[in-house]
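# make a model of this:
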Amino acid sequence: MWEAFLCLISLFVIWVSHWVYRWVHPKCNGQLPPGSMGWPVIGETIDYFSPHSLYDLSPFITKRMTRYGSLFRTSLVGQRVVVSTDPELNHYIFQQEGKLFQCWYTESFIKILGQQSLMEHQGVVHKYLKGLILNLVSPENLKQKLLHEMDSTTRKFLHSWANCYPTSVDVKEESGNMIFECFAKKLLSYEESKASKKLMENYKAFLDGLMSFPLNIPGTAYRACLKGRENAMKVIRDIVNERKLASKNLHHDFLDHLLEEVKKEETILSEEFAISMVFVLLFATYETTSAAIAIAIHFLSDHPSIVAELTKEHEGILQARENEESEITWEEYKSMTFTHMVINETIRLANIVPGIFRRVTKDVHIKGYTIPKGWIVVVCPSVPHLDPTKYKDPFAFNPWRWEGQELHAGSKNFMAFGGGVRLCAGAHFAKLQMAIFLHYLVTKYRWTNVKGGDIIRRPGLVFPDGLHIQMSERHK
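This is a model prediction of the structure:
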């Protein structure tokens, strides 16, 4: 009996040893990029998510670049991964979207956003869905339909912040509320103050657990996140059902447009798909743009000379008007050269999206290495963004570095909005919202940081204590 037991133990040890060996030395029809797979299953995930300073590259990345170079292998969240910090290779990956690479997210992230999410789809379906979204946030539609609403909402919120003086406001939270109110109105004619079922509250529960460990048991942030999504989807679904019962009452918003698409005979858009699109669009605009505005305030607070230059540009716009209280026009927005330099510098330094994930669809041979089919490639825009050979003194907030450069397009060294066919559809919306916000901020108000502002990366931006400011009107 003991002999049988010892035999089983021996077989188990041999199996585990073989499994560990295969984990450390993955199969490949060629030479893998250098690197380490870390511990079985968890890989090097803990190191990857370790927090670090806003004004620094991830230690996870820098250590491995020093040891292995600009292309290295690792394992994150149970996946075999190759990390690219090379701007030429990053550009190549984006250009090969749909051929050698396709968009990828973790299973837990897709579960949170929903299987019907835009992010889950590829090829023709993705192109069709992106076309629908551009119908809402293309430059022409922003100019004709959204500019007025964005201007009005921004004015209202900044005025309310000043009226709170000397009470402080959390810029990250309140700018999120501002963007949510404006975009929700255009998406589905929703107003939080008039609604019985609160969409915003459920979004906050959803966002609080978005980057949590995927443990779906009562009391965890992940469980609260899933519940927040479920409740938010129900609110949107109830609005859709109300519209179906009152089909003649059009709201002329994006949801109406989606529901008309659903009715078409040969459409690929289902009603559930449309509901999921509305949910994801609200999430995407609310979270990323509010983070960009908050970090812009953080940078500007430490650089009065940049605030002075911004003020000069925007006061020039006021002086050229017949009525200083007029809304911002599209022509004025396009003329804000220094403002766009500030926006580009903000998103370059912020690196709001620290990594962009792609799945390899067939063996890729590049730079003498083979990346096997099924592996994940992580593009790291932050490395070229903070490379001293590309940007002099890269951790300095210096909008003048953009002088004379193209301000409205990405490049191999500037990928804040991704690249290729997956270039962020909301890039123009985010830039317009930031420009409107900065216009009214520097021409009408003064502000002082009073609390928070200790921003860290984990690896995305985190505001542990928010960013609290006191704001007052300039003439006072």
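
# quick one, strands of the stretch 101-250 of the chain?
For the stretch 101-250 of the chain, the strands defined by DSSP state E, counting those that start in this stretch occupy 101-103, 169-170.

# take those strands and lay them out in a markdown table including mean pLDDT, distance to residue 473 and mean neighbour count.
The way it works is simple: take the backbone N, C-alpha and C, and place the C-beta from them, glycine included. Shown next, in a markdown table, are those (pLDDT from 0 to 100; distance: least, C-beta to C-beta, whole Å; neighbours: other C-beta atoms under 10 Å):
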| stretch | mean pLDDT | distance to residue 473 | mean neighbour count |
| --- | --- | --- | --- |
| strand 101-103 | 87 | 45 | 21 |
| strand 169-170 | 93 | 14 | 21 |
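
# any chance of these in JSON lines, plus distance to residue 182?
Formatted as JSON lines, these follow (distance: least, C-beta to C-beta, whole Å):
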{"stretch": "strand 101-103", "distance to residue 182": "28"}
{"stretch": "strand 169-170", "distance to residue 182": "17"}
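
# tell me the phi and psi of the residue nearest to the spatial centre of the chain?
In the chain, the C-alpha nearest the mean C-alpha coordinate belongs to residue 288, at 4.6 Å (C-alpha atoms, centre = their mean). With angles defined as degrees, to the nearest 10, residue 288 sits at phi -70, psi -40.

# what's the pLDDT at it?
pLDDT recorded at residue 288 is 85.

# so where's the stretch 351-476 of the chain shaky on pLDDT?
Flagging of the stretch 351-476 of the chain using pLDDT under 70 yields the residue ranges 420-423, 476.

# how does it look with 50?
In the predicted model of the stretch 351-476 of the chain, residues 476 satisfy pLDDT under 50.

# what does the stretch 51-200 of the chain give?
In the stretch 51-200 of the chain (pLDDT under 50), no residue qualifies.

# what segments of it are helices?
According to DSSP state H, counting those that start in this stretch, the stretch 51-200 of the chain carries its helices in the segments 59-68, 87-95, 107-113, 123-137, 139-141, 147-163, 171-188, 199-208.

# picking up where we left off before, apart from its neighbours in sequence, what residue is nearest the residue nearest to the centre of the chain?
residue 352 (5.6 Å; C-beta to C-beta, 6 or more residues apart in numbering).

# for the one you found, grab the count of nearby residues.
19 (other C-beta atoms under 10 Å).

# rewinding a little: highest mean neighbour count out of the helices of the stretch 51-200 of the chain?
With neighbours taken as mean count of other C-beta atoms under 10 Å, the helices of the stretch 51-200 of the chain reach their highest mean count in helix 171-188, at a mean of 23.

# what's the closest of the strands of the stretch 101-250 of the chain to residue 162?
strand 169-170 (9.4 Å; C-beta to C-beta).

# list the contacts of that closest one.
With contact meaning C-beta atoms under 8 Å, 6 or more residues apart in numbering, strand 169-170 is reached by 161, 452, 466, 467, 468, 469, 471.

# restricted to buried residues, select those residues in PyMOL.
To isolate the buried ones among these in PyMOL, judged by 16 or more other C-beta atoms under 10 Å, type:
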select buried, resi 161+452+466+467+468+469+471
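
# and which of the contacts of strand 169-170 is nearest residue 226?
Among the contacts of strand 169-170, and counting by C-beta to C-beta, the member closest to residue 226 is residue 466, at 24.7 Å.

# go ahead and confirm the closest one touches residue 173.
Yes - using C-beta atoms under 8 Å, residue 466 is in contact with residue 173, at 6.3 Å.

# can I assume residue 396 sits in a helix?
No - secondary structure of residue 396 (DSSP: H, G, I helix; E, B strand; the rest coil): coil, not part of a helix.

# okay, it and residue 217: tell me how far apart.
According to C-beta to C-beta, to the nearest Å, residue 396 and residue 217 sit 46 Å apart.

# the more surrounded of these two?
residue 396 (12 against 7).

# contacting residues around the residue nearest to residue 288?
Taking C-beta under 8 Å, 6+ apart, we find residue 352 in contact with 288, 291, 292, 295, 416, 460, 461.

# now, of these, which are buried?
288, 291, 292, 295, 416, 460, 461.

# so residue 388: helix, strand or coil?
Quick answer, by three-state DSSP: residue 388 is coil.

# actually residue 475, sorry about that
Counting by three-state DSSP, the backbone at residue 475 sits in coil.

# next one: it from residue 466, what distance?
Going from residue 475 to residue 466 by C-beta to C-beta gives 28 Å.

# check contacts around residue 38.
Residues near residue 38 by C-beta under 8 Å, 6+ apart: 44, 45, 47, 74, 75.

# now intersect the residues you listed with the strands, please.
Among the contacts of residue 38, the residues falling in strands (DSSP state E) are 74, 75.

# you'd agree residue 344 is up against residue 398?
No - counting by C-beta under 8 Å, residue 344 does not reach residue 398; the two are 10.9 Å apart.

# hmm, back to that, okay if I get the contacts of residue 352 as TSV plus secondary structure?
Formatted as TSV, these follow (three-state DSSP):
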residue	secondary structure
288	helix
291	helix
292	helix
295	helix
416	coil
460	coil
461	strand
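
# quick check, nearest of those to residue 404?
Checking the contacts of residue 352 against residue 404 by C-beta to C-beta gives residue 416 as the nearest, at 19.0 Å.

# residue 202: which of the buried ones among the contacts of residue 352 is nearest?
In terms of C-beta to C-beta, no member of the buried ones among the contacts of residue 352 lies closer to residue 202 than residue 288, at 18.7 Å.

# in stretch 223-233, what's buried?
Within stretch 223-233, the residues scored as buried using 16+ other C-beta under 10 Å are 223, 224, 225, 226, 228, 229, 231, 232, 233.

# the residues you listed in helices, which ones?
Of these, the ones assigned to helices by DSSP state H are 223, 224, 225, 226, 228, 229, 231, 232, 233.
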